[in-house]
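Engineer: Attaching a predicted model along with its sequence, questions to come.
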Amino acid sequence: MYMGAAIIGLVGKIGLYLFSIVILVISIMLIINKPFSKAYKEAVEKKNVMSEKRREKQDEKLSDDYRNGYRQKHEDPLDDYRNRIEDKKKKKSIINLMKNDENYGVMPNDMSKQLSMGFESSREGKYAVHGTGDEQKIDKNMFSSTGQSLSLGYNPYDGNQNNFPGESDSKFSKTVNDMDVEFISSENNGHTSKECDDVKGSTPRCEKSENNDLEKYKKPPLSLLITPNKTNRASRGSNSLRTNAMLLEETLKSFNVDAKVINVTKGSSVTRYEIQPAIGVKVASIVRLADDIALNLRARSIRIEAPIPGKAAVGIEIENETREMVTIKEILSSNQFKSHDSNLAFAVGKDIGGLPVIADLAKMPHMLIAGATGSGKSVCINTIIASLLYKATPDEVRLILIDPKMVELGNYNGIPHLLIPVVTDSNKAAAALNWAVSEMTQRYKKFASKNVKDLKSYNRLMTKNGDGDMIMPKIVIIIDELADLMMVASSQVEDAIARLAQLARAAGMHLIVATQRPSVDVVTGIIKANIPSRIAFMVSSQIDSRTILDMAGAEKLVGNGDMLYKPQDTDKPIRVQGPYISDEEVHKIIEFVKNQGLSENYDNDVVTQVDKCNVLKGDNQGDELLDDAIRMVLQAGQASASMLQRRFRIGYNRAARMIDTMEALGIIGQQEGSKPRNVTMSLEEYESSLSKNDESEKI
């Protein structure tokens, strides 16, 4: 009362009334803008959902009644029609029968009315990506059942996902009226007749070969691989996806982040929720909430991609409760792989949308693979080798496999694609890389003499001139564990890899380097700078992820083939689920290739050059400069570390190791103060010892 009397004394009764009206208006505005509007909005949403459910039930009932009446009406005419077709024995496909008969089954125009699980097509929905977001509701209309992708108003793949693994390819999908039906024979092991003809009739593309047996090489058939189980993946977990989408929006709203879920894509191992923030909302505000989102969604693993390349959305990737295996047969049987014109194409895996990812090593041109133990690195290497065996003949591609672990790649010994036996000794591996450098140099000299720029032009010229024997194959060098090589001969290996990575592309030589320890002393700056394409599997820390990809993210992967694939000339990596190939499948492929009656196609000259590193024994075994250093010392008549440093431009440690090796071999005497060491062997005696060692090895 005192306050009212004071106000009346100041402004009078009229002022008091105006003041009360202002307070009342402000209170009403607060009520309307906050709890009342929220409650009203939720009530409207519930009403829309209930009305939509009733409408769907009515549509389903009408559809069932229509189908039942349709079958009763046309059952007898259909039987008579089929009998007439069988009597005439006309060779028409099922699709042509559907075209010619108006009463045959359900017409293609009506197929859009048959919706699985009540989900409607996202392209017919009313929710757009770039809308205001106020009118969007998370209901069944926002989900579509196209293959593996469940879309909320927008489908990035436009409905082109494969319904079943290995069945069809989105890039070559056709309408029902334009489709050519290929009948499957029981003799083809479940493959179409066209696919079996492609496998049986595959022949090498090289006109001539030094080994005539290689012209008889047949590529392995797809029947050697395990056929995946065909299940309706789109129908699984749709309710949980819808619940998680609503929970994700509520979580963002609780932190005052206005954003809408516009698309949900379920992959083999993870599900991606695409979030569209409202105007004025910073992307960083969503990234900061990664731990809170994982807590509210009870997610075991979460990764945020902000923003998704090419989209006005932020991707939140959450690990699936149950993972679906991607097999290598799904990728190799896809149209993308079979129609790829490169003989260096290999299967990478499937992206989140379920589309096969095929890479071309010729365009990379080199690749670095890294990941922790058990993340899928060795399986990826076996997948690459198997893809090359399916895609290329021994005349087209030759392999050099380096396996310091001795257990991963040794079973490939004997296949005609190998240039030399699988290298398991780290010192021999350094020698093999040095041979590759010299081979690259020799190829460039041949290119210069013929006025061509690359291997493709050179082989085309040789074919045109009728010199088929001069055609050179592509060479792929695969190193399974780089860390072991760097421990034994880091400088030689690093220099050889750097030279090959810089210059070997035009010569038709490509590197694939893998390691499970992606530290800076293994994956050095020189190697990273010259190998542009990367595959990162799960790693233990963000530091390792930055070493591989120059960005974080690999530490958030879930393992078992889950990878980040970063090809050349791309800013951000692509999340891919790598295919699985079992040891049994690898064994079947190798046995098929070996049992064709082809002899081992090793290059004896290359084998001899690589084996020279084992002729001399010592602590510095495998140093490519050791033989030249010994000959220089024998000619000079004295030996010292400083002399080797000046002549070969090497460091003191390497020169001192070579001096110690010469002393252990009995070539030079012991050290006498600061004087140069005496030479105790002549050049003729040294060459004689080398020839004796060669003869003993042949025996």
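Structural biologist: That came through fine.
Engineer: Show me what residue 575 is bridged to.
Structural biologist: residue 564 (DSSP bridges).
Engineer: if I look at it, how far off is residue 467?
Structural biologist: 47 Å (C-beta to C-beta, to the nearest Å). (C-beta placed from N, C-alpha, C; glycine too.)
Engineer: higher neighbour count, those two?
Structural biologist: residue 575 (23 against 13; other C-beta atoms under 10 Å).
Engineer: surely the more buried one meets residue 350?
Structural biologist: No: using C-beta atoms under 8 Å, residue 575 is not in contact with residue 350, being 10.2 Å away.
Engineer: check which helix or strand covers residue 303.
Structural biologist: In the assignment (DSSP states H and E), residue 303 maps to strand 302-305.
Engineer: could you point out which element follows that strand?
Structural biologist: Following strand 302-305 in sequence, per DSSP H and E, is strand 314-319.
Engineer: Check which helices and strands the helix or strand that that following strand is followed by sits against.
Structural biologist: Downstream of strand 314-319, the next assigned helix or strand under DSSP H and E is helix 328-332. With contacts taken as 3 or more C-beta pairs under 8 Å, 6 or more residues apart in numbering; DSSP states H and E, helix 328-332 sits against strand 345-351, strand 356-360, helix 377-391.
Engineer: do that again at 7 Å, thanks
Structural biologist: Judged by 3 or more C-beta pairs under 7 Å, 6 or more residues apart in numbering; DSSP states H and E, the packing partners of helix 328-332 are strand 345-351, helix 377-391.
Engineer: now these in JSON lines, with mean neighbour count, distance to residue 477 and mean pLDDT?
Structural biologist: Below are the helices and strands packed on helix 328-332 laid out as JSON lines (neighbours: other C-beta atoms under 10 Å; distance: least, C-beta to C-beta, whole Å; pLDDT from 0 to 100):
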{"stretch": "strand 345-351", "mean neighbour count": "25", "distance to residue 477": "15", "mean pLDDT": "93"}
{"stretch": "helix 377-391", "mean neighbour count": "23", "distance to residue 477": "12", "mean pLDDT": "94"}
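Engineer: Could you export those to TSV, including columns for distance to residue 364?
Structural biologist: What follows is the helices and strands packed on helix 328-332, written out as TSV (distance: least, C-beta to C-beta, whole Å):
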stretch	distance to residue 364
strand 345-351	10
helix 377-391	11
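Engineer: Can you tell me how far residue 444 is from residue 395?
Structural biologist: Counting by C-beta to C-beta, the gap from residue 444 to residue 395 is 22 Å.
Engineer: neighbour-wise, which of the two wins?
Structural biologist: residue 395 (24 against 16).
Engineer: quick one: contacts of stretch 625-636?
Structural biologist: Residues outside stretch 625-636 that contact it (C-beta atoms under 7 Å, 6 or more residues apart in numbering): 616, 620, 639, 644, 647-648, 658, 661-662, 667-668, 679, 681-683, 686.
Engineer: Tell me the one of those residues nearest residue 302?
Structural biologist: Nearest to residue 302 among the contacts of stretch 625-636, counting by C-beta to C-beta, is residue 620 at 50.5 Å.
Engineer: Quick one: residues contacting residue 289.
Structural biologist: residue 255.
Engineer: at 10 Å instead, please
Structural biologist: 251-252, 254-255, 257, 295-296, 304, 316 (C-beta atoms under 10 Å, 6 or more residues apart in numbering).
Engineer: again, but for residue 584
Structural biologist: 224-226.
Engineer: Distance check, it against residue 349.
Structural biologist: From residue 584 to residue 349 the distance is 20 Å (C-beta to C-beta).
Engineer: what's the strand holding residue 303 packed up against?
Structural biologist: Using 3 or more C-beta pairs under 10 Å, 6 or more residues apart in numbering; DSSP states H and E as the contact test, the elements touching strand 302-305 are strand 270-277, helix 283-287, helix 290-297, strand 314-319.
Engineer: same thing but at 6 Å, please
Structural biologist: helix 290-297, strand 314-319 (3 or more C-beta pairs under 6 Å, 6 or more residues apart in numbering; DSSP states H and E).
Engineer: So which of the contacts of stretch 625-636 sit within helices?
Structural biologist: Here DSSP state H is the test, and the contacts of stretch 625-636 give 644, 647-648, 658, 661-662, 683, 686 as lying in helices.
Engineer: Using a markdown table, lay out the residues you listed together with distance to residue 426, neighbour count and pLDDT.
Structural biologist: A markdown table is the format used below for the ones in helices among the contacts of stretch 625-636 (distance: C-beta to C-beta, whole Å; neighbours: other C-beta atoms under 10 Å; pLDDT from 0 to 100):
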| residue | distance to residue 426 | neighbour count | pLDDT |
| --- | --- | --- | --- |
| 644 | 23 | 24 | 90 |
| 647 | 26 | 15 | 89 |
| 648 | 22 | 15 | 88 |
| 658 | 18 | 25 | 88 |
| 661 | 17 | 21 | 84 |
| 662 | 22 | 26 | 85 |
| 683 | 30 | 13 | 83 |
| 686 | 25 | 17 | 81 |
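Engineer: between these, which is nearest residue 274?
Structural biologist: When those are compared against residue 274 (criterion: C-beta to C-beta), the nearest one is residue 648, at 58.7 Å.
Engineer: residues contacting that closest one?
Structural biologist: residue 625 (C-beta atoms under 6 Å, 6 or more residues apart in numbering).
Engineer: Could you measure from it over to residue 641?
Structural biologist: 11 Å.
Engineer: So, low pLDDT: which residues of the stretch 201-350 of the chain?
Structural biologist: Within the stretch 201-350 of the chain, the stretches with pLDDT under 70 are 201-215, 230-237.
Engineer: at 80 what do you get?
Structural biologist: For the stretch 201-350 of the chain, the stretches with pLDDT under 80 are 201-216, 228-239.
Engineer: Strands of the stretch 351-500 of the chain, start to end?
Structural biologist: Per DSSP state E, counting those that start in this stretch, the stretch 351-500 of the chain carries strands over the ranges 356-360, 367-370, 397-402, 474-479.
Engineer: Identify each buried residue in the second one, please.
Structural biologist: Residues of strand 367-370 classed as buried by neighbour count (16 or more other C-beta atoms under 10 Å): 367-370.
Engineer: got these as CSV, with distance to residue 454 columns?
Structural biologist: Shown next, in CSV, are those (distance: C-beta to C-beta, whole Å):
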residue, distance to residue 454
367, 19
368, 23
369, 25
370, 29
